[in-house]
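Chemist: sequence and predicted structure, then a few things I'm wondering about:
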Amino acid sequence: MVFVGIEIIGRVPSVLHTPLMSGANAIHGVVIIGAIIVMGKSESENYLAMALGFVAVILGTINVVGGFVVTDRMLEMFKKKKG
């Protein structure tokens, strides 16, 4: 499965990488919202659900922020340089 993913990503033109990263960020935003809902709906004694929800929120947030940083750096390459 990893090899299929590498082949698919390797064939994507460079121009499409930024929109794909933005789409991935949106998906991970949904993961964060889902994790928050799981944490909110779980019973206060259910420490496993709370811990897994917390970890999902943290990892999803790191992934979203990292994706936006990468997207911003990629967009910087297309700006005209001064002087």
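Modeler: On my side now, so go ahead. Numbers count the residues shown, from 1 in each chain.
Chemist: pull out the buried positions in the least confident helix or strand in the chain by mean pLDDT.
Modeler: Within the chain, no helix or strand scores below helix 2-10, which has a mean of 75 by mean pLDDT, DSSP states H and E. For helix 2-10, the neighbour count (16 or more other CB atoms under 10 Å) marks no residue as buried. C-betas here are computed from N, CA, C, even on glycine.
Chemist: after it, next one along is what?
Modeler: Sequence order places helix 17-41 as the next helix or strand after helix 2-10, per DSSP states H and E.
Chemist: could you give the mean pLDDT of the longest helix along the chain?
Modeler: Using DSSP state H, we find that the single longest helix of the chain is helix 47-76. Helix 47-76 comes out with an average pLDDT of 84.
Chemist: ok now that helix, how far from the chain's centre?
Modeler: Centroid displacement of helix 47-76 relative to its chain, using CA atoms, centre = their mean, to the nearest Å, is 6 Å.
Chemist: tell me which other helices or strands it touches.
Modeler: For helix 47-76, the packing partners by 3 or more CB pairs under 8 Å, 6 or more residues apart in numbering; DSSP states H and E come out as helix 17-41.
Chemist: got a list of contacts for the helix it packs on?
Modeler: Outside helix 17-41, the residues within contact range by CB atoms under 8 Å, 6 or more residues apart in numbering are 12, 49-50, 52-54, 56-57, 60-61, 63-64, 67-68, 70-71, 74-75.
Chemist: filter those residues down to the buried ones, ChimeraX style.
Modeler: Selection of buried members from these for ChimeraX, criterion 16+ other CB under 10 Å:
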select :50,53,56,57,60,63,64,67,71
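Chemist: and the angle from the least confident helix or strand of the chain to helix 17-41?
Modeler: Here helix 2-10 points in a direction 130 degrees away from that of helix 17-41 (axes from the mean of the first three to the mean of the last three CA atoms, to 10 degrees).
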